[in-house]
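**Q** show me the folded form of this:
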Amino acid sequence: MATTTSLFLPMPFNTPKRLPTHCYTHPKFTSSSVTAQSQSAKDHLLTLISDQDRGLKTQNDPTRRASIVAAIDAMAAIGSGSVTTGDTLSATWRLLWTTEKEQLFIIEKAPVFGTRAGDVLQVIDVRKLSLNNVITFPPDGVFFVRSNIEVSSQQRVNFRFTSAVLRGKNWEIPLPPFGQGWFDTVYLDDDLRVVKDIRGDYLVVDRASYSWKE
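**A** Sure, this is the predicted structure:
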């Protein structure tokens with residue numbers, strides 16, 4: 001979900017103002033492919049981010065941010081040398097925590113537009129060389145940015161924004177994004193993905209239980 005530009009909501013969604021809130025507690029993982037060391041590191045990271053409201057609270061808590069970044073570095077050390085840009089990268093990934101200001105701004109300010117941010121997703125298809133960054137606004141709203149991608153190394157993916165769409169129940173507005181960059185998936189297993197990007201931002205996502213389609 002790395003970006004090199006700010007993207008803002010230009011108009012309110014026609015959705016109710018009182019919508020169910022989402023509780024983002026860390027999931028329980030049962031993957032047999034991870035070692036005891038990586039499982040312990042995962043549990044530690046997920047515990048640190050479990051009460052951070054996807055990163056909103058971390059913005060004002062430098063001590064917690066430093067602890068989370070240290071935990072991410074530990075995950076990166078475990079994932080060092082592994083290939084994370086193959087077919088297993090292709091999935092609908094759901095945001096658990098990030099430092100990306102643009103995404104956190106939209107999540108935080110969504111109530112101003114009469115809605116709430118639902119799942120925030122990154123939808124990757126390595127074979128089709130495509131990536132969608134998605135912010136949902138239940139029940140009918142969605143904002144997504146399309147990108148082309150290119151695998152450049154065993155952990156790095158380059159991306160270039162191609163278009164963006166703000167969509168409600170009965171309307172759609174195309175938006176002209178610009179920018180390009182790269183992100184490194186420094187840790188990847190059956191359930192969890194940890195990312196560092198070109199701007200020094202961090203992203204922790206889990207594999208969603210559904211596939212998002214435009």
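**Q** low-confidence ranges, the chain, go.
**A** Under the criterion pLDDT under 70, the flagged ranges of the chain are 1-34.
**Q** count the neighbours of Asp189 for me.
**A** A count of neighbours around Asp189, defined by other CB atoms under 10 Å, yields 21. Where you see a C-beta, it was placed from the backbone N, CA and C, and this is true even at glycine.
**Q** pretty sure it contacts Ser38?
**A** Yes - in this structure, Asp189 is within contact of Ser38 by CB atoms under 8 Å, at 7.2 Å.
**Q** helices along the chain, start to end?
**A** Using DSSP state H, the helices found in the chain span residues 36-49, 62-79, 101-109.
**Q** and the ones you listed as TSV, adding distance to Val151 and mean neighbour count?
**A** Shown next, in TSV, are the helices of the chain (distance: least, CB to CB, whole Å; neighbours: other CB atoms under 10 Å):
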stretch	distance to Val151	mean neighbour count
helix 36-49	23	17
helix 62-79	16	17
helix 101-109	23	17
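**Q** make CSV from those helices and add distance to Val204 to it.
**A** Formatted as CSV, those follow (distance: least, CB to CB, whole Å):
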stretch, distance to Val204
helix 36-49, 6
helix 62-79, 7
helix 101-109, 13
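**Q** of all those helices, which lies closest to Glu150?
**A** Across the helices of the chain, Glu150 has its closest neighbour in helix 62-79 (20.8 Å, CB to CB).
**Q** quick one: list the elements packing against the closest one.
**A** Here helix 62-79 touches helix 36-49, strand 180-188, strand 192-197, strand 202-207, going by 3 or more CB pairs under 8 Å, 6 or more residues apart in numbering; DSSP states H and E.
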